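Asks: my questions are about this predicted structure, shown below with the sequence.
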2 protein chains.
Amino acid sequence: MTATSQAEYKAKARIIKALAHPTRLFIVDELSRGERCVCELTDMIGVEMPTVSRHLSQLKNVGILEDEKRGAQVFYRVRVPCVLNFFKCVEAVQSNGKCP
Amino acid sequence: MTATSQAEYKAKARIIKALAHPTRLFIVDELSRGERCVCELTDMIGVEMPTVSRHLSQLKNVGILEDEKRGAQVFYRVRVPCVLNFFKCVEAVQSNGKCP
DNA sequence: TAGACATTTAGCTAAATGGCGAAGTGCTGC
DNA sequence: GCAGCACTTCGCCATTTAGCTAAATGTCTA
């Protein structure tokens, strides 16, 4: 593995890692149905707002989500919808191995 | 988020987490071109064999890879090819956000 | 059966991660 | 202007992760 391709795998891994957490997976799934503000997501998830905020930052920093401030609230939405395809493939891994 | 769906997200996150590492991403990419034994992969990657073996175990444990022992060697291959689609989507995240 | 090779497992350490509460920032409405 | 809400950042701690070396397991061949 060359130094260059090593750096490329690292960059890609960083994006996948952003999805590799139950709470962040829930967030992406929920936002696939439309934008939500941080407080709405916090109500749905069982953790404190600072924690939710940090999960959202991670997803935004790698480019999966984008945010928009409207008044005192910040609304998040999915910027790259194809990440939702991950769910189907993950289900294939979980069950029979037959890809969709 | 109900306890049930929490458990489901956790199970899915575990699979995605298995992919969320540069070395494991390289392994999956390399095995997409055909099976390889542990020593071949170790030669390509710049880390010790025990480390490679543990990466392989993680990918196998979640069901992404399967292995076959032939003589003294163990060959690994991809069990669920659709995980390769992740690469294209990750590239979309990296660039313009346009899904493939 | 002994020695060499391929792989996995175990034990250790350093670094990263995820949670919390407290504190800081910024907008809104009184 | 200040009280209150929405959100982010900070500092802390517990847990997990990834690497290493050493040791264990399994296979082949002389």
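Replies: Yep, it's here. Residues are numbered from 1 along each chain as shown, chains lettered A, B, ... in the order given.
Asks: what segments of chain A are helices?
Replies: For chain A, helices defined by DSSP state H occupy the ranges A:3-19, A:22-31, A:38-44, A:49-61, A:85-94.
Asks: is any part of the fourth one close to DNA strand D?
Replies: Yep, that's helix A:49-61 we're talking about. Yes - shown here: helix A:49-61 in contact with DNA strand D (Cβ under 7 Å from any atom of the strand) through A:49-50, A:53-54, A:56-57. For glycine as for every other residue, the C-beta is placed from the backbone atoms N, C-alpha and C.
Asks: for A:Gly63, give me its contacts.
Replies: Contacts were defined as Cβ atoms under 8 Å, 6 or more residues apart in numbering or on different chains; by that measure A:Gly63 touches A:15, A:79-80, B:93-94, B:97.
Asks: return the distance of it relative to DNA strand C.
Replies: To DNA strand C, A:Gly63 is 16 Å away according to Cβ to the nearest atom of the strand, to the nearest Å.
Asks: picking that back up, now list the buried members of the residues of helix A:49-61 next to DNA strand D.
Replies: For these, a neighbour count by 16 or more other Cβ atoms under 10 Å in any protein chain shown gives the buried set as A:Leu56.
Asks: mind putting the residues of helix A:49-61 next to DNA strand D in TSV, distance to B:Asn85 and pLDDT included?
Replies: Shown next, in TSV, are the residues of helix A:49-61 next to DNA strand D (distance: Cβ to Cβ, whole Å; pLDDT from 0 to 100):
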residue	distance to B:Asn85	pLDDT
A:Met49	34	98
A:Pro50	34	98
A:Ser53	31	98
A:Arg54	29	98
A:Leu56	25	98
A:Ser57	27	98
